[in-house]
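1. Predicted model and sequence below, questions to follow.
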Amino acid sequence: MSTTPVIEVENLNVRYGDFHAVKDLSFQVRRGELYALLGTNGAGKTSTLEVVEGHRPASSGTVRVFGQSPDDRGAVRPRMGIMLQESGFSPDLTVRESVRLIGRLTRRADDVGRVLDVAGLTRKAGTKVSQLSGGEKRRLDFATAIYGAPELVFLDEPTTGLDIQSRDALWASVDKLREEGSTIVLTTHYLEEAQQRADRIGLMHEGTFHREGTVVELTQTLPAVIRFALPDFAPAPPVRTTRAAGGALVVETFSLQQDLRVLLDWAHDHDVELRELQAGPTRLDDVFRAIGEN
């Protein structure tokens, strides 16, 4: 993966009157990576992406996409695909006509049939937008974003309204785009998708980054958890525990493997059953929840 940034944001500020939505935000997105921009409601994600996509001017700061200002739409827009939460297609156009129209507007060349096949819409090519289900409209949004295999693709809540099979098909298409060299910027409320697929994550809160890094780097900021229950006759366990609701014992640790081994060896030596044993590293949603606690 090239380290040459596709997106460079330096000291970005976005204000709406007296409201400071984005505050001195700086980050880069490298060529070929999948970068997830996540955050709490009102964190400034949408304002940030609107500036990067060229839909909104910055109040101050510098933004570059492919080394150009996103305001230079002639240079940047043909190389960029955008999947918005709602694209607002004309209800009287067919699926095929909608995809072809976006291709003309973005000045990217492609075969409409190929794009519809990738998005799983071949059978709906002649169907009017007004007759599509919610999931089919999301697939149409995706089709218009990937028309012409753009170098940079923004996916805003791409799997909302999709069933499991459609989600899997969409992510398979995204994987293929990445294999062909596209850079992906993702926003999603499905944190497991970001945890499974993102190379790096920017986690926003109140207009700036709360944390940024790989999934491993973010989740290592909080302890892993071991949870279990003991029979009444059991002696005190060899590691520090707290008691959770329902009576389970909880161990929070930054040394998961070591403490789990100590606990298992102790249970074996004392012939104690660790009931309902669960152990695992912190998940991204735990990091997300911790934002509001700081």
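-> On my side now, so go ahead.
2. And the strands in the stretch 1-150 of the chain, which stretches?
-> Ranges of strands in the stretch 1-150 of the chain, per DSSP state E, counting those that start in this stretch, are 5-16, 19-30, 34-39, 60-65, 80-83.
3. How is this protein partitioned into domains?
-> The chain is divided into the following domains under automatic domain parsing: 5-218, 221-291.
4. Now do the contacts for Ser98.
-> Phe89, Ser90, Val129, Leu140, Thr144 (Cβ atoms under 8 Å, 6 or more residues apart in numbering). (C-beta placed from N, C-alpha, C; glycine too.)
5. any low-confidence regions in the chain?
-> Low-confidence segments of the chain (pLDDT under 70): 1-3, 292-294.
6. can you pull out the helices in it?
-> Under the criterion DSSP state H, helices of the chain are mapped to 45-52, 73-76, 95-106, 112-118, 134-146, 164-179, 191-197, 215-219, 256-269, 284-291.
7. In CSV, list the ones you listed along with distance to Asn13.
-> As requested, the helices of the chain are arranged in CSV below (distance: least, Cβ to Cβ, whole Å):
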stretch, distance to Asn13
helix 45-52, 10
helix 73-76, 21
helix 95-106, 29
helix 112-118, 37
helix 134-146, 28
helix 164-179, 31
helix 191-197, 25
helix 215-219, 25
helix 256-269, 40
helix 284-291, 21
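8. which one of the ones you listed lies closest to Leu25?
-> Proximity to Leu25 (Cβ to Cβ) singles out helix 45-52 among the helices of the chain, at 6.3 Å.
9. who does the closest one touch, helix- and strand-wise?
-> strand 5-16, strand 19-30, strand 34-39, strand 60-65, strand 152-156, strand 183-187 (3 or more Cβ pairs under 8 Å, 6 or more residues apart in numbering; DSSP states H and E).
10. With respect to Arg96, which of the ones you listed lies nearest?
-> Among the helices and strands packed on helix 45-52, the nearest to Arg96 by Cβ to Cβ is strand 152-156 (21.0 Å).
11. Show me the one of the helices of the chain that comes nearest Glu33.
-> Closest to Glu33 of these, according to Cβ to Cβ: helix 164-179, at 8.5 Å.
12. Could you list the buried residues of that closest one?
-> Within helix 164-179, the residues that count as buried by 16 or more other Cβ atoms under 10 Å are Ser166, Arg167, Ala169, Leu170, Trp171, Ser173, Val174, Leu177, Arg178.
13. Identify the farthest-apart pair in those.
-> Across the buried residues of helix 164-179, no pair lies farther apart than Ser166 and Arg178, at 19.0 Å, counting by Cβ to Cβ.
14. Pick the most deeply packed of the domains of the chain.
-> When the domains of the chain are scored by mean count of other Cβ atoms under 10 Å, the highest mean neighbour count falls to domain 5-218 (a mean of 18).
15. end to end, how far does that one reach?
-> Terminal residues of domain 5-218 lie 21 Å apart, using Cα to Cα, to the nearest Å.
16. I'd like the numbering to begin with 52 instead of 1 from here.
-> New numbering, starting at 52: the last item is domain 56-269.
17. Just list the residues touching the closest residue to Thr270 other than its chain neighbours, thanks.
-> Nearest in space to Thr270, with sequence neighbours left out and distances taken as Cβ to Cβ, 6 or more residues apart in numbering, is Thr333 at 4.4 Å. By Cβ under 8 Å, 6+ apart, the contact set of Thr333 is Thr270, Gln271, Thr272, Leu273, Pro274, Ala275, Val276.
18. distance of the spatially closest residue to the fifth one that is not a sequence neighbour from Val267?
-> Yep, that's Pro274 we're talking about. Closest residue to Pro274 apart from its sequence neighbours, by Cβ to Cβ, 6+ apart: Glu303 at 4.0 Å. Distance of Glu303 to Val267, computed by Cβ to Cβ, to the nearest Å: 18 Å.
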